[in-house]
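S.K.: Structural data only, the sequence is not supplied:
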């Protein structure tokens, strides 16, 4: 399975305001980060959890042993761009820590049980990131 090709097609379908094969458009966000090594913009489609005035994204990477590239990029540069619905805006990315992380991660696993499965596949702590409009 070529995830880069799937992502390219998903991004194109999202931006064309069309139907996205196998996904619900209203549950999808495009997150653009700056590459920590290249300095180039990288856009990644992903699901999100609406948390009032911010969006939550989860760096589960399907339970892989390493964090996804988009997460490592936003740790290096937390200034990101969010595309949701028909709107694009700058945001600040902030990973949760401590008790707040525990609370939010527990809630997310209850709402989306597949994240508990991802967690069981890895030894790393799966990051949860808040995206707040700037």
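M.R.: Ah, there it is. Please read these numbers as outputs of a predicted model, since none were measured by experiment.
S.K.: Identify the residues contacting the most centrally placed residue in the chain.
M.R.: Centroid check for the chain by C-alpha atoms, centre = their mean gives residue 57 as the closest residue, at 3.9 Å. Contacts for residue 57 (C-beta atoms under 8 Å, 6 or more residues apart in numbering) come out as 29, 31, 46-49, 128-129, 131. No exception for glycine: its C-beta is placed from N, CA and C like everyone else's.
S.K.: Please report how far residue 95 lies from residue 128.
M.R.: According to C-beta to C-beta, to the nearest Å, residue 95 and residue 128 sit 7 Å apart.
S.K.: shared neighbours of these two, anything?
M.R.: Common contacts of residue 95 and residue 128 (C-beta under 8 Å, 6+ apart): residue 101.
S.K.: More neighbours: which of those two?
M.R.: Neighbour tally, residue 95 and residue 128, criterion other C-beta atoms under 10 Å: the higher count belongs to residue 128, 22 against 16.
S.K.: ok, for the more buried one, nearest residue in space, not its chain neighbours?
M.R.: residue 96 (4.8 Å; C-beta to C-beta, 6 or more residues apart in numbering).
S.K.: In this structure, what helix or strand scores lowest on average pLDDT?
M.R.: helix 3-15 (a mean of 77; mean pLDDT, DSSP states H and E).
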